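*Asks:* This is a predicted model, with the sequence first.
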Amino acid sequence: MKFFIDTANLDDIREAYELGVLDGVTTNPSLMAKEGITGADNIKAHYKAICNIVDDNVSAEVISTDFDGMIKEAHELVKIDDKIVVKIPMIKDGVKAIKHLTDEGIRTNCTLVFSAGQAILAAKAGASYVSPFIGRLDDVSTDGMELISQICNIYDNYGYETEVLAASIRHVMHLIQCAEIGADVVTCPLNVITGLLKHPLTDIGLEKFLADYNKGNS
Ligand code: G3P
């Protein structure tokens, strides 16, 4: 399973990368705004800064909602760096844009996916990644994890190459359940990745090992 970090914060991206387990980064306009990055040129420069940290897979989202606008933006985004994957919303023109960009050999991540039907369309259009949002479904009393399971089963049935990128992950158990189901990728904030490290018995065990070592060597 690939680990992506879901942030535009350069310090968090560096920290996850230095841990040695990071396979990519996802961003969206809200995450950019959270870092105070506004204006097309600043946003492009920020994508470049992210690409300079990681090895591959930097999702950069288009703002246009019409086919021509999305294609134009996608072409500009991929010029920033070979590591860019163009993030396209699951709307009618978005599906057309994914098909067009796939035919051109440009990688896409279909975002804002909330149903199995939408995920089928993304795969049929040839998206490199599909991003179902777990947490936002949970927020409206719908089982987000059930959607991950459904999409993985459907893609397995037909051998679709689109990778299931579980997004809107809010806590460690979301990530672990995605791994049990077999999601190809999880994207989550730094605290979820580092949260995997934590176990009180590890801390207690280490403290005792070190104390016993020091007894023997004092
Ligand atoms: O990857 C999509 C993600 O950024 C959405 O997360 O927590 O805003 O639902 P959240």
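*Replies:* Perfect, I can see it now.

*Asks:* show me the contacts for residue 138.
*Replies:* The contact partners of residue 138, taken as Cβ atoms under 8 Å, 6 or more residues apart in numbering, are 144, 170. (Each C-beta comes from the backbone N, C-alpha and C, glycine too.)

*Asks:* immediately after the helix or strand hosting it, which helix or strand?
*Replies:* Taking DSSP states H and E as the criterion, residue 138 maps to helix 134-139. Elements were assigned by DSSP H and E; along the chain past helix 134-139, the next helix or strand is helix 144-158.

*Asks:* still on that earlier bit, pLDDT (mean, whole number) over the helix holding residue 138?
*Replies:* Along helix 134-139, the predicted confidence averages to a pLDDT of 98.

*Asks:* Pick out the residue nearest the middle of this protein.
*Replies:* The chain has residue 187 as the residue nearest its centroid, 3.5 Å off, counting by Cα atoms, centre = their mean.

*Asks:* From residue 24, how far out is it?
*Replies:* In this structure, residue 187 lies at 8 Å from residue 24, with Cβ to Cβ, to the nearest Å as the measure.

*Asks:* repeat for residue 138
*Replies:* With the distance defined as Cβ to Cβ, residue 138 ends up 23 Å from residue 24.

*Asks:* what does the chain have sitting close to the ligand?
*Replies:* Counting by Cβ under 6 Å from any ligand atom, the positions of the chain adjacent to the ligand are 6, 26, 28, 133, 135-136, 167-168, 187.

*Asks:* and those residues, which are buried?
*Replies:* Of all the residues of the chain next to the ligand considered here, the ones buried according to neighbour count by 16 or more other Cβ atoms under 10 Å are 6, 26, 28, 133, 167-168, 187.

*Asks:* Dump these to a markdown table, plus secondary structure.
*Replies:* Putting those into a markdown table (DSSP: H, G, I helix; E, B strand; the rest coil) gives the following:
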| residue | secondary structure |
| --- | --- |
| 6 | strand |
| 26 | strand |
| 28 | coil |
| 133 | strand |
| 167 | strand |
| 168 | coil |
| 187 | strand |
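
*Asks:* Out of those, which one has the lowest pLDDT?
*Replies:* Lowest model confidence among those falls on residue 28, which carries 94.

*Asks:* For residue 76, which residues are in contact?
*Replies:* residue 44.

*Asks:* Where does it fall, secondary structure wise?
*Replies:* Using DSSP H and E, residue 76 falls within helix 67-80.

*Asks:* buried residues in that helix?
*Replies:* Under the neighbour-count criterion of 16+ other Cβ under 10 Å, helix 67-80 has 67, 70-71, 73-74, 77-78, 80 buried.

*Asks:* Next: stretch 80-97.
*Replies:* Buried residues in stretch 80-97, counted by 16+ other Cβ under 10 Å: 80-81, 83-91, 93-97.

*Asks:* Please export the C-alpha coordinates of it as PDB.
*Replies:* Taking Å, rounded to 0.1, in the frame of the first residue of the first chain, the C-alpha atoms of stretch 80-97 are listed here in PDB:
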ATOM      1  CA  ILE A  80       5.800  22.300 -13.600                       C
ATOM      2  CA  ASP A  81       7.300  18.900 -13.100                       C
ATOM      3  CA  ASP A  82       7.100  15.300 -14.300                       C
ATOM      4  CA  LYS A  83       5.900  14.300 -10.800                       C
ATOM      5  CA  ILE A  84       2.600  16.100 -11.200                       C
ATOM      6  CA  VAL A  85      -0.600  14.000 -11.300                       C
ATOM      7  CA  VAL A  86      -3.600  16.200 -12.400                       C
ATOM      8  CA  LYS A  87      -6.500  16.100  -9.900                       C
ATOM      9  CA  ILE A  88      -9.900  16.400 -11.700                       C
ATOM     10  CA  PRO A  89     -13.300  16.500 -10.100                       C
ATOM     11  CA  MET A  90     -15.900  13.800 -10.700                       C
ATOM     12  CA  ILE A  91     -18.200  15.800 -12.900                       C
ATOM     13  CA  LYS A  92     -19.300  15.200 -16.500                       C
ATOM     14  CA  ASP A  93     -16.600  17.400 -18.100                       C
ATOM     15  CA  GLY A  94     -14.200  16.000 -15.600                       C
ATOM     16  CA  VAL A  95     -14.800  12.400 -16.900                       C
ATOM     17  CA  LYS A  96     -14.300  13.700 -20.500                       C
ATOM     18  CA  ALA A  97     -11.100  15.500 -19.400                       C
END
